[in-house]
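>>> no FASTA, just this:
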């Protein structure tokens, strides 16, 4: 049982590390004022973190030196489970990628086969002999992050209550870095929040991820909204039409059957038999100079506009970020959604919520997996409580 004094110290430590992460190199005095923590406490905590290598002094040994996070210390192995491959990268707290490994997945996306691929990637990374704070995994499904369980993953073959962290951990050597998992949309939003260049403006935001399916996540006062059953934001399988389109979840007419990649293409082709574009990115490219195709795309995205409008009414976000898998979509899709929302909700120009293009979902998902490690380490700092970070 952790003591109240230790709990308070770790809470202060977490706030100090988050402040340095946001601000960059800064003074202890600024940290004390910004965090509302006594100067003596800031000094003691920062001295310990400098001694352990977590923080660097810009001028070593000088009491008033600015301090910053150590890029040698704050590194994570980030793993992204995609639709056809699994990607592993070493990422530092600035979002710099040092190494990357990719492993293709077969058609059988069973829990056991994916665990095997992940363990292979971790073993490949371990050959570099790099120290890392932990391992973060972005999972396309409903997860219990605290317990490390994948509750459901319909796009991975309908996983159910699979203890992902436990199964990976028992296949690794004893003393391997701690593993944390995060839902893919949540990871993508956190990747945008930390590394998308939006600063603090994403503290209250709604995120929509577009790809084979449709993902959603939300930040409220800087914290991910998870829900009682960890399924907040799971809009991909909400009923959204009446054309009897089959979904991978086993139901019909789910949102992702209309506004996922194949669904949008089918909806546009239903309106225009002459369209031959094989991807949404190509449709968006054509739409830049073809008003008819843009109107057809606008109509195709109406189910998503309607679902987003409901979420806006419930949560009133400051911004909406759209994760598009191709740069050709970055201007067209946010514009279509923004126009549709303005029309549906009757917004005035002053009431419009900005709809912005985010980072590529794979990139933001990888970065967000790293963020999940850093945020966990900031909160409990188990690596810092030891003499060293974990090394492969």
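Good, I have the coordinates. What you see is a predicted model, and the numbers here were worked out from it, not measured in a lab. Numbers count the residues shown, from 1 in each chain.

>>> make it CA atoms for all contacts and neighbour counts henceforth
Fine.

>>> List the neighbours of stretch 162-172 that are in contact with it.
With contacts defined as C-alpha atoms under 8 Å, 6 or more residues apart in numbering, stretch 162-172 is touched by 111, 115, 118, 119, 148, 149, 150, 151, 176, 179, 180, 181.

>>> Please pick the buried ones from those.
Neighbour counting with 16 or more other C-alpha atoms under 10 Å marks 111, 115, 118, 119, 148, 149, 150, 151, 176, 179, 180, 181 as buried within those.

>>> now these as JSON lines including secondary structure and pLDDT?
Listed next are the buried ones among the contacts of stretch 162-172 as JSON lines, based on DSSP: H, G, I helix; E, B strand; the rest coil; pLDDT from 0 to 100:
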{"residue": "111", "secondary structure": "helix", "pLDDT": "89"}
{"residue": "115", "secondary structure": "helix", "pLDDT": "94"}
{"residue": "118", "secondary structure": "helix", "pLDDT": "95"}
{"residue": "119", "secondary structure": "helix", "pLDDT": "96"}
{"residue": "148", "secondary structure": "coil", "pLDDT": "96"}
{"residue": "149", "secondary structure": "strand", "pLDDT": "96"}
{"residue": "150", "secondary structure": "strand", "pLDDT": "95"}
{"residue": "151", "secondary structure": "strand", "pLDDT": "94"}
{"residue": "176", "secondary structure": "coil", "pLDDT": "91"}
{"residue": "179", "secondary structure": "strand", "pLDDT": "97"}
{"residue": "180", "secondary structure": "strand", "pLDDT": "97"}
{"residue": "181", "secondary structure": "strand", "pLDDT": "97"}
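
>>> right, and out of those residues, which lies closest to residue 9?
residue 180 (22.9 Å; C-alpha to C-alpha).

>>> Distance check, the closest one against residue 377.
For residue 180, the distance to residue 377 under the criterion C-alpha to C-alpha, to the nearest Å works out to 10 Å.

>>> thinking again about what came up before, nearest to residue 250 among the contacts of stretch 162-172?
Residue 250 has its nearest neighbour among those in residue 151, at 16.6 Å by C-alpha to C-alpha.

>>> what's the burial count for the closest residue to that closest one other than its chain neighbours?
Distance criterion C-alpha to C-alpha, 6 or more residues apart in numbering; nearest residue to residue 151, sequence neighbours excluded, is residue 161 at 4.2 Å. A count of nearby residues for residue 161, using other C-alpha atoms under 10 Å, gives 14.

>>> Would you state the secondary structure element containing the closest residue to residue 348 other than its chain neighbours?
Leaving out its chain neighbours, the residue that sits closest to residue 348 by C-alpha to C-alpha, 6+ apart is residue 342, at 7.6 Å. Using DSSP states H and E, residue 342 sits within helix 332-345.

>>> list the helices and strands that helix packs on?
Where contact means 3 or more C-alpha pairs under 8 Å, 6 or more residues apart in numbering; DSSP states H and E, helix 332-345 is packed against helix 280-287, helix 291-300, helix 302-315, strand 355-357.

>>> now that helix and helix 291-300, what's the angle there?
Angle between the axes of helix 332-345 and helix 291-300 is 60 degrees (criterion: axes from the mean of the first three to the mean of the last three C-alpha atoms, to 10 degrees).

>>> What are the buried residues along helix 332-345?
Of the residues in helix 332-345, 332, 333, 334, 335, 336, 337, 338, 339, 340, 341, 342 count as buried by neighbour count, 16+ other C-alpha under 10 Å.

>>> who's in contact with that helix?
For helix 332-345, the surrounding residues in contact (C-alpha under 8 Å, 6+ apart) are 284, 287-288, 297-298, 301-302, 305-306, 308-309, 322, 347-348, 352-357.

>>> Tell me the spacing between the residue lying closest to residue 258 once chain neighbours are set aside and residue 284.
Leaving aside its sequence neighbours, residue 258 sits nearest to residue 264 (C-alpha to C-alpha, 6+ apart; 5.7 Å). Counting by C-alpha to C-alpha, the gap between residue 264 and residue 284 amounts to 11 Å.

>>> Now do the residue nearest to residue 149 when sequence neighbours are not counted against residue 377, distance only.
The spatial neighbour of residue 149 that comes closest, neighbours along the chain excluded (C-alpha to C-alpha, 6+ apart), is residue 163 at 4.4 Å. For residue 163, the distance to residue 377 under the criterion C-alpha to C-alpha works out to 21 Å.

>>> Likewise for residue 20?
The value you get for residue 20 to residue 377, if C-alpha to C-alpha is used, is 14 Å.

>>> same check, this time on residue 292
Taking C-alpha to C-alpha as the measure, residue 292 and residue 377 are separated by 51 Å.

>>> neighbour-wise, which of the two wins?
Neighbours were counted for residue 292 and for residue 377 using other C-alpha under 10 Å; residue 377 has more, 19 against 12.

>>> For that one, give me the pLDDT.
Here, the pLDDT recorded for residue 377 equals 91.

>>> Am I right that it is in contact with residue 135?
No. Under the criterion of C-alpha atoms under 8 Å, residue 377 makes no contact with residue 135, lying 10.9 Å away.

>>> Give me the neighbour count for the residue nearest to residue 149.
Here the number of neighbours of residue 163 (other C-alpha under 10 Å) works out to 16.
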